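Peer 1: how would this look folded up:
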Amino acid sequence: MQKQRILVSVVGFSDVERHALNTIFRLSQDREIVYAPWAPSLPAGPTGPSLAQVALVDGESAEAVLSHAKAMPAGQRLIWVGPDAPEHAWRVLDRPIAWADVLHDLDSVFAAHQVDSGLLDLDITAPAPLSLDLDLDMASGMEPQRRALVASEDPQERTYLRTRLALAGIVHVDEVDETEVAVDLLGRHTYLCGVFNLDDHHIDTWSIMRVFVQRNPHALTLATSELAGPLAGWWRRRRVRRDVHRVGVTALLARPLQPRQVSEWLDLI
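Peer 2: Take a look at the predicted model:
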């Protein structure tokens, strides 16, 4: 199937938020719907000037006032983040930004263009709720939520994993940096995936990982460590691989994380 491209005009946002957006853009290259940042210098396409199909605006930025005053180009959708959204905003998101919601809305933009073109009969004028707050009851015969647990103190690593998991269809990601919180979550939820930073010494990652494997035997369990990298030395790599194998971990990944290696495993979900 031919890939569809959605151009996104980004206004405002912090460096960390732009890093998350760039991650979404980069990882989407493997999907049928590809997202790319729009710039005025982009060349014209075969059907005319290259225009952004969606404007993603930080409502707290100085430039946001222009989005209140000027009319939107025909067919362009406005996704507004923050307070004081204009009436013509198509979606409004709050902070902290749930990147799974952003991905959902970007996918909805493509669906909206399919509706406009008559290729799809679907009412998306109002956004459907992305998730429920509680897991579905297994006794009801319905499937549980697709949920992942990420145990790491590294904020950039958590942001990357949250974004990558959203692209894999897992929008419920519990991020933990305290042992007690992780144990409580493991007692209340069922998980499809768990990612554990073995280099984080502020929490008992090994114990959490053992409990995770015991309670979620069919889940994808990934451990990450600098000791798995080529600079760690042969003996240290062998020892950590032996230890995670004994726990029942699916795979050990080197830190810093390599997108291609992460994709090879998350694409299995």
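Peer 1: could I have the helix or strand hosting L186 exported to CSV, CA atoms only?
Peer 2: In this structure, L186 sits in helix 179-188 according to DSSP states H and E. Presented in CSV, the C-alpha positions along helix 179-188 are these (Å, rounded to 0.1, in the frame of the first residue of the first chain):
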residue,chain,number,x,y,z
THR,A,179,9.8,0.3,43.8
GLU,A,180,6.6,0.6,45.9
VAL,A,181,4.6,2.2,43.1
ALA,A,182,5.8,-0.5,40.6
VAL,A,183,4.7,-3.3,43.0
ASP,A,184,1.3,-1.6,43.5
LEU,A,185,0.7,-1.3,39.7
LEU,A,186,1.8,-4.9,39.1
GLY,A,187,-0.9,-6.0,41.5
ARG,A,188,-3.6,-4.1,39.7
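Peer 1: which helices and strands does it pack with?
Peer 2: Judged by 3 or more Cβ pairs under 8 Å, 6 or more residues apart in numbering; DSSP states H and E, helix 179-188 is in contact with strand 147-151, strand 172-176, helix 205-215. Just so you know, the C-beta spots here come from the backbone N, C-alpha and C atoms, and that holds for glycine as well.
Peer 1: And for the residue lying closest to S225 once chain neighbours are set aside, the neighbour number?
Peer 2: Leaving aside its sequence neighbours, S225 sits nearest to L198 (Cβ to Cβ, 6 or more residues apart in numbering; 4.1 Å). Using other Cβ atoms under 10 Å, L198 has 22 neighbouring residues.
Peer 1: ok so, going back, from the helices and strands packed on helix 179-188, which stretch is densest packed?
Peer 2: Greatest average neighbour count among the helices and strands packed on helix 179-188 goes to strand 147-151 (a mean of 25), per mean count of other Cβ atoms under 10 Å.
Peer 1: Give me the sheet partners of that one and which way each runs.
Peer 2: Counting by DSSP bridges, the strands paired with strand 147-151 are strand 172-176 (parallel), strand 193-197 (parallel).
Peer 1: Can you lay out these as TSV showing mean pLDDT and distance to R246?
Peer 2: TSV is the format used below for the strands paired with strand 147-151 (pLDDT from 0 to 100; distance: least, Cβ to Cβ, whole Å):
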stretch	mean pLDDT	distance to R246
strand 172-176	92	23
strand 193-197	96	14
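Peer 1: Let me have these in CSV, extended by distance to Q145.
Peer 2: Shown next, in CSV, are these (distance: least, Cβ to Cβ, whole Å):
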stretch, distance to Q145
strand 172-176, 5
strand 193-197, 12
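Peer 1: Out of the ones you listed, which gets nearest to R91?
Peer 2: Nearest of these to R91, taken as Cβ to Cβ: strand 172-176 at 19.7 Å.
Peer 1: Off-centre distance for the closest one?
Peer 2: Distance of strand 172-176 from the chain centroid (Cα atoms, centre = their mean, to the nearest Å) equals 11 Å.
Peer 1: again, but for stretch 251-260
Peer 2: Remark: stretch 251-260 is offset 17 Å from the chain centroid, using Cα atoms, centre = their mean.
Peer 1: May I see the buried residues of that stretch?
Peer 2: Within stretch 251-260, the residues scored as buried using 16 or more other Cβ atoms under 10 Å are A251, L252, L253, A254, R255, L257.
Peer 1: Quick check, pLDDT for E178.
Peer 2: You'll see E178 listed with a pLDDT of 91.
Peer 1: what does P43 give?
Peer 2: Predicted confidence (pLDDT) for P43: 56.
Peer 1: With L119 instead?
Peer 2: L119 carries a pLDDT value of 31.
Peer 1: rewinding a little: make JSON lines from the helices and strands packed on helix 179-188 and add distance to L27 to it.
Peer 2: Formatted as JSON lines, those follow (distance: least, Cβ to Cβ, whole Å):
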{"stretch": "strand 147-151", "distance to L27": "15"}
{"stretch": "strand 172-176", "distance to L27": "15"}
{"stretch": "helix 205-215", "distance to L27": "24"}
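Peer 1: Compare the ones you listed and give me the one nearest L268.
Peer 2: For L268, the closest of the helices and strands packed on helix 179-188 is strand 147-151, at 13.1 Å, according to Cβ to Cβ.
Peer 1: can you point me to the longest strand in the protein?
Peer 2: As assigned by DSSP state E, the longest strand anywhere in the chain is strand 4-11.
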